[in-house]
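Novice: Return a 3D structure for these sequence lines:
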Amino acid sequence: MNKKILTLALGLIASWPAFSQTAEPVAKLSLAEALKFAISNNEIIKKALLDQKSAEYKIKETKGSGLPQLAANGTLTAFPALATQLLPGELAGQPGTLIPVQFGTKYNAQGGLELNQLIFRKSFFVGLQAANTTRDLYQLRTQMSEEEVIYNVSSAYLQLLQTKQQFNTIDANFNRLVQLEKILTLQYKNDVATKVQVNRVTVNKINLENQRQTLVANYEQQQNALKFFMGLPIDQKLEVVDSTTVINTEIPASPDAAAILATRLDYKLLNVQKNLYKLNVKNIQSGYYPSISGFGAVNTSAQRNEFNFFDGTQPWFKAVNLGVRLSVPIFDGFQRKNQMRQAQIEVEKVDQDISRLTRNTQLALSNAVTQIQTSLRSIEAQERNVRLAQDVYKNTNELYKEGLSPLTELLETEVALREAQTNLNNERLKYQLAQLTYLQAKGELKTLIK
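Specialist: Numbers count the residues shown, from 1 in each chain. Sure, this is the predicted structure:
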């Protein structure tokens, strides 16, 4: 199976440019094969994987803030006109006067390295917890994206399969009308049948042709939907494998909603989100704690009246400093207090989401089980109905050939048979979709790939 999927994928990728030049290959896929291809090619899943990769870089970024931070700096300043200051004349033996003096040199240069190292900041450790939790969040989102794609592909596949079965029903009834039209046309030529009788059959045949054209358009649209969800080009030819029952899972009499809920991805996702909001509360609280960091700097500088900083004989002067910085928050105008209240409300909102998901899971399970049971009974009834309609049509056809039944009655039985077969196909689709919904409610959509 894996080899078949790989061959298909390589064939599709390698052959796309050549499709217009040669006969287009038709990809015939089972549901499991279509799902495997979609998991590898759907853009939603690819985007989720990119978010997951981005989360890994976010973790590294957070860890990096606790590593030594080293920066280089340099300045070059020119003073075309030096600032002048006035000094008391007593300093130069000129009491009672002010002497203008200029300090400094025409060019100053300075360069150095600055090092900062975090020693303690509580928010850093909370941030590490949040970063790791974010990794779990994006992993769950990726898995949920996969489940969404699996549901969409499966639903489109089942509808396409049901439409394909409907073609068989229309074609079979169309062929019966074609044969009947030939017989009536021959009888009309021999003055045994009337033109009205021939026209009635022709009208029914044209109606079936129109229905088939509508079905062809629906089939093409459903194919495009399936290819879209799979990540296939719209112009790629695709066929589904014939099968009466694609999904057939065992349904317990009373599913344990609580146990099922604990395994669902959306329930796990909400709990991870809740943990993240709790960590946000802790992060805000950490603002009340003092922080300690170490710092150090090495600088060298030079002053020149001429621009000769590259002259190795001229002196440069070094300066080194080391220290520890303590920051203690005292009063912030109650900002953190109100931020914490907002963050706690977010936690409470997630609790409401969890409560709603719990009830929604119970509802979805109950409705899916009810629909499955109803569809099973309807399928049994429709199968009996089809058998009866086939017998009625067969008997009416025999009576018509013997001249004991009018043409209108034969046409009515043909329409009734067609409707019974259509209803059976629709009920089978409802049953398969109900099974799909049940697997979604249980969080077991990935079992369709195995």
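Novice: And the helices in the stretch 301-450 of the chain?
Specialist: 335-401, 407-442 (DSSP state H, counting those that start in this stretch).
Novice: Reformat these into TSV and put mean pLDDT next to each item.
Specialist: Below are the helices of the stretch 301-450 of the chain laid out as TSV (pLDDT from 0 to 100):
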stretch	mean pLDDT
helix 335-401	90
helix 407-442	87
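Novice: Just tell me which of the ones you listed ends up closest to residue 263.
Specialist: Judged by Cβ to Cβ, the one of the helices of the stretch 301-450 of the chain that comes nearest to residue 263 is helix 407-442, at 7.8 Å. C-beta here means a position set from N, CA and C on the backbone, and glycine is covered the same way.
Novice: ok but residue 110 is inside a strand, no?
Specialist: Yes: under DSSP: H, G, I helix; E, B strand; the rest coil, residue 110 sits within a strand.
Novice: coming back round to it: pick the most buried one from the helices of the stretch 301-450 of the chain.
Specialist: Among the helices of the stretch 301-450 of the chain, the stretch with the highest mean neighbour count (mean count of other Cβ atoms under 10 Å) is helix 407-442, at a mean of 19.
Novice: what number of residues lie near residue 235?
Specialist: Residue 235 sits with 11 neighbouring residues when counted by other Cβ atoms under 10 Å.
Novice: among the helices of the stretch 301-450 of the chain, which is nearest residue 119?
Specialist: For those, the distance to residue 119 is smallest for helix 335-401, at 22.0 Å, taking Cβ to Cβ.
Novice: can you list contacts of stretch 205-224?
Specialist: With Cβ atoms under 8 Å, 6 or more residues apart in numbering as the test, stretch 205-224 has contacts from 156, 159-160, 163-164, 166-167, 170-171, 173-174, 177-178, 181, 234, 238.
Novice: Torsion angles phi and psi at residue 316?
Specialist: Phi and psi for residue 316, reported as degrees, to the nearest 10, are phi -120, psi 140.
Novice: how far away is it from residue 74?
Specialist: Plainly put, residue 316 is 12 Å away from residue 74 if you go by Cβ to Cβ, to the nearest Å.
Novice: For these two, work out which one has more neighbours and name it.
Specialist: The residue with more neighbours, out of residue 316 and residue 74, is residue 316; 13 against 10, by other Cβ under 10 Å.
Novice: hang on, the more buried one packs against residue 303?
Specialist: No: taking contacts as Cβ atoms under 8 Å, residue 316 lies outside contact range of residue 303: 9.9 Å.
Novice: picking up where we left off before, among the contacts of stretch 205-224, which are in strands?
Specialist: The strands, defined by DSSP state E, take in residue 238 from those.
Novice: among the contacts of stretch 205-224, which are in helices?
Specialist: Using DSSP state H, the members of those that fall within helices are 156, 159-160, 163-164, 166-167, 170-171, 173-174, 177-178, 181.
Novice: These into a markdown table, with extra columns for pLDDT and neighbour count?
Specialist: As requested, the ones in helices among the contacts of stretch 205-224 are arranged in a markdown table below (pLDDT from 0 to 100; neighbours: other Cβ atoms under 10 Å):
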| residue | pLDDT | neighbour count |
| --- | --- | --- |
| 156 | 93 | 22 |
| 159 | 91 | 20 |
| 160 | 91 | 21 |
| 163 | 89 | 20 |
| 164 | 87 | 17 |
| 166 | 87 | 20 |
| 167 | 87 | 13 |
| 170 | 86 | 17 |
| 171 | 86 | 12 |
| 173 | 83 | 21 |
| 174 | 85 | 18 |
| 177 | 83 | 20 |
| 178 | 85 | 13 |
| 181 | 82 | 18 |
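Novice: which of the residues you listed lies closest to residue 230?
Specialist: residue 156 (8.6 Å).
Novice: which non-adjacent residue is nearest that closest one?
Specialist: Nearest residue to residue 156, sequence neighbours excluded (Cβ to Cβ, 6 or more residues apart in numbering): residue 226, at 4.1 Å.
Novice: any idea which helix or strand carries the one you found?
Specialist: Secondary structure assignment for residue 226, by DSSP states H and E: helix 195-230.
Novice: now that helix against helix 407-442, angle please.
Specialist: Angle, helix 195-230 to helix 407-442, by axes from the mean of the first three to the mean of the last three Cα atoms, to 10 degrees: 10 degrees.
Novice: For helix 195-230, what is the distance to the chain centroid?
Specialist: Its chain's C-alpha centre and that of helix 195-230 lie 35 Å apart, by Cα atoms, centre = their mean, to the nearest Å.
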